[in-house]
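Asker: build me a structure from this.
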Amino acid sequence: MNNYTERQLEIMQNPVKTIRAYCLECCGGDRNEVVACTLSHEQKRDGLSKCPLYPFRLGKNPFFKRTERNLTDEQKQTVADRLRLGKEKATDNAQ
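Answerer: Okay, here's the model as predicted:
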């Protein structure tokens, strides 16, 4: 049986989070080093190969653009109802 924590399982199920975890490992666990990483996919440094994961290093998909949603009051109510029902189901399943 695997001895993975819930957080590790969550990371393994999300490719972007897996890439973020890899980048943290590559930079010795230092978050500032991940931000300042110089192994961009566009350059080569000191004989090190380019990193194809560079655009994803911050844990976000740079190619996914969120658009602002302008919902009507009726749509907002529908979303709120669905969220409430989902939370109720989750609490019922937890008991």
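Asker: can you get me a residue count around I19?
Answerer: Number of residues near I19 (other C-beta atoms under 10 Å) recorded here: 21. Every residue, glycine included, has its C-beta placed from N, CA and C.
Asker: and it, that's in a helix?
Answerer: Yes: secondary structure of I19 (DSSP: H, G, I helix; E, B strand; the rest coil): part of a helix.
Asker: and it, how far from R57?
Answerer: Using C-beta to C-beta, to the nearest Å, I19 is found at 7 Å from R57.
Asker: same check, this time on Y22
Answerer: From Y22 to R57 the distance is 9 Å (C-beta to C-beta).
Asker: so for these two, which residue has more residues nearby?
Answerer: Applying other C-beta under 10 Å to Y22 and R57 shows that R57 carries more neighbours, namely 22 against 15.
Asker: ok so, going back, who touches both of Y22 and R57?
Answerer: Listed as contacting both Y22 and R57 by C-beta atoms under 8 Å, 6 or more residues apart in numbering is no residue at all.
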